[in-house]
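J.: Quick one: sequence and predicted model below, then my questions.
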Amino acid sequence: MPLANNGDVRLNYEAVGDGPDIVLIHANPFDRRLWRFQVEGFTERYRMVAMDLRGYGASDKPDDPFTFDDMVVDVLAVCDSAGVESAVFMGASVGSSIALRIALDDPGRVSRLVLVGGNAGVAASGLARIAGYESDGIAYRAEHIHQLVAPGFGDTRRGRVLIDNFLRDDGDLIP
């Protein structure tokens, strides 16, 4: 997997397929694998760029606190490393907030936006979610993942694969 750098933070990403770029920005508590089915389905017509945000997946998990703005710059660092000049930005949850910020700050870089389950600010429910991670850690993460998928999806083969991968592989996730 290629790596991009934002200062001392190494950011893992994959860029696969041929055609116009689509940049995929995952939700908390997932990583780039959230998009695995989209990547598989679109690589014949698009180049899919999926990254692990800092603190997730195979990207660095810094000990120092980081901000939303740091994550925005991380996405731009991945875009620069992957040679993305203009793209469709597709984000889920916090990923959609990051994509929206990039569109507002650097509109020439964004040809289209696909925003799934995001918002333009931090809601009270987001603060409660952070408190749950701080108090209950991994147990809360497992509960959170199950709450995020559509009812019944976790019982399907694809749902089990997706959920099991996150719970098994990323026990050291930093929320």
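T.: Cool, got the structure. Numbering: from 1, shown residues only.
J.: Could you pull out the helices in the chain for me?
T.: Listed in chain order, the helices found in the chain under DSSP state H are 36-42, 68-82, 94-105, 124-148, 157-169.
J.: Asp74: what's its closest spatial neighbour, skipping adjacent residues?
T.: Spatial nearest neighbour of Asp74, chain neighbours left out: Asn6 (4.9 Å); criterion: CB to CB, 6 or more residues apart in numbering. C-beta coordinates here come from the backbone N, C-alpha and C atoms, glycine included.
J.: okay, which residue is most central for the protein?
T.: His26 (1.9 Å; CA atoms, centre = their mean).
J.: wait, doesn't it sit right on Gly95?
T.: Yes - His26 is within contact range of Gly95, at 5.3 Å (criterion: CB atoms under 8 Å).
J.: intersection of neighbour lists for these two?
T.: Common neighbours of His26 and Gly95, using CB atoms under 8 Å, 6 or more residues apart in numbering, are Leu53.
J.: quick one on the thing from earlier: mind checking how far the residue nearest to the residue nearest to the centre of the chain when sequence neighbours are not counted is from Met90?
T.: Using CB to CB, 6+ apart and skipping the chain neighbours, the partner closest in space to His26 is Leu34 (4.4 Å). Going from Leu34 to Met90 by CB to CB, to the nearest Å gives 11 Å.
J.: who touches both of the two?
T.: Leu24.
J.: so how far is Arg158 from Trp3?
T.: For residue 3 the amino acid is Leu, not Trp. Using CB to CB, Leu3 is found at 28 Å from Arg158.
J.: Over to Arg54?
T.: From Arg54 over to Arg158 (counting by CB to CB), the distance is 27 Å.
J.: Name the residue in these two with the higher neighbour count.
T.: When Arg54 and Arg158 are compared for neighbours, Arg54 comes out ahead with 21 against 11, by other CB atoms under 10 Å.
J.: List the contacts of that one.
T.: Asn6, Val9, Leu11, Asp60, Lys61, Pro62, Phe66, Asp70, Met71, Asp74.
J.: and the second one, how many neighbours does it have?
T.: Residue neighbour count, defined by other CB under 10 Å, stands at 19 for Val9.
J.: The residue nearest to Asp74: neighbouring residues, count only.
T.: 22.
J.: Check Glu85 too.
T.: Per other CB under 10 Å, the neighbour tally for Glu85 reads 10.
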